[in-house]
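[1] Mind folding the following:
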Amino acid sequence: MPYKTKCIITMNNTNKMQRIWVLYGLFFAVVLFCVVLFLGNIVSSEEPYRLNNLANQTGKAGLIVTDLHPTPQSRKAEEYTIDGTDNTAFITTHSFDAFISFSDKHEIYTPSIRWTVALQIFSVVAFACIFAFVVILLVSFYKAIRSGRVFNKKSLIWIRLIGILMILLSLALDTSVCIERHTARELLASTGLQVDSEFTLHYMRLLFGIVVLFMGELIHLGNDMQEEQDLTI
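    Below is the predicted model:
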């Protein structure tokens, strides 16, 4: 009977590890698919806009601002007749991208633009760190399960770092977008095209970061309970 019990426990642990490996494989497969899809969209795009952005930003005296939202007063709306029918299409421009050129490239680097570039660089670094921390966290979880422990303090550290970085990443992106829109609003004021420069907060990114921190606190609580149980035994 003890031998059978030991075999059942071993089989259960093997099945659990197999499921974990399947989840790990799915995670990296999704990441690889997203990278390939992103690069494929850039290469196969008929309008190489993203590549032109980099060329214009580095080779010309200009400022590129994407996803600008015009105010309701300056929002462009046009009505089109659909050929061969009596139907019409009413199209409204809700967002657009702008390339604002300067006679002197040094005019671009205003204090606000420097802040925007700094925040965007921070966002890229934070995103790379989050991805690296997620990989480290998965390895930490795997080692903890192999050692017979579900929770450990290293996992708690990585989870807290991921949650904090996600919140800072969201705030940095939202702030940089607001500064860009405000700069574009000032530069385009003489054209009659008024740009909406309100600060937009992406609640879902913040909520996700808070959820990650909440999970970290649950793991902290579980680790304390596991340590108390080990001391009791």
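
[2] got any ranges where the protein has weak pLDDT?
    Along the chain, the parts satisfying pLDDT under 70 run over 1-17, 42-61, 105-107, 148-152, 226-227, 229-233.

[3] show me where it has helices.
    Here the chain has its helices, by DSSP state H, at 2-44, 49-59, 111-146, 153-187, 203-232.

[4] between the ones you listed, which one is nearest to residue 95?
    With CB to CB as the measure, helix 153-187 is the member of the helices of the chain nearest residue 95 (10.8 Å). Any C-beta I mention is one placed from the backbone N, CA and C, and that applies to glycine too.

[5] and the angle for that closest one with helix 111-146?
    160 degrees (axes from the mean of the first three to the mean of the last three CA atoms, to 10 degrees).

[6] Export only the CA atoms of stretch 195-215, formatted as CSV.
    Written as CSV, here are the backbone C-alpha positions of stretch 195-215 (Å, rounded to 0.1, in the frame of the first residue of the first chain):
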residue,chain,number,x,y,z
VAL,A,195,-5.8,69.4,-31.4
ASP,A,196,-7.2,67.9,-28.2
SER,A,197,-4.4,67.9,-25.6
GLU,A,198,-6.2,66.6,-22.6
PHE,A,199,-4.4,64.1,-20.4
THR,A,200,-5.8,60.6,-21.1
LEU,A,201,-5.3,57.9,-18.5
HIS,A,202,-5.4,54.3,-19.6
TYR,A,203,-7.1,52.6,-16.7
MET,A,204,-6.7,49.1,-17.9
ARG,A,205,-2.9,49.2,-17.8
LEU,A,206,-3.0,50.7,-14.3
LEU,A,207,-5.6,48.1,-13.2
PHE,A,208,-3.4,45.3,-14.6
GLY,A,209,-0.4,46.6,-12.7
ILE,A,210,-2.5,46.8,-9.5
VAL,A,211,-3.7,43.3,-10.0
VAL,A,212,-0.1,42.0,-10.3
LEU,A,213,0.8,43.8,-7.1
PHE,A,214,-2.3,42.2,-5.4
MET,A,215,-1.1,38.8,-6.6
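
[7] heads up, I number from 11, so please use that
    Got it, first residue is 11 now, which makes that one stretch 205-225.

[8] mind listing what's buried in that stretch?
    For stretch 205-225, a neighbour-count test (16 or more other CB atoms under 10 Å) marks 205, 206, 207, 215, 216, 219, 222, 223 as buried.

[9] I'd say residue 190 and residue 75 touch.
    Yes: proximity of residue 190 to residue 75 meets the contact threshold set by CB atoms under 8 Å, at 4.9 Å.

[10] Thanks a lot, catch you later.
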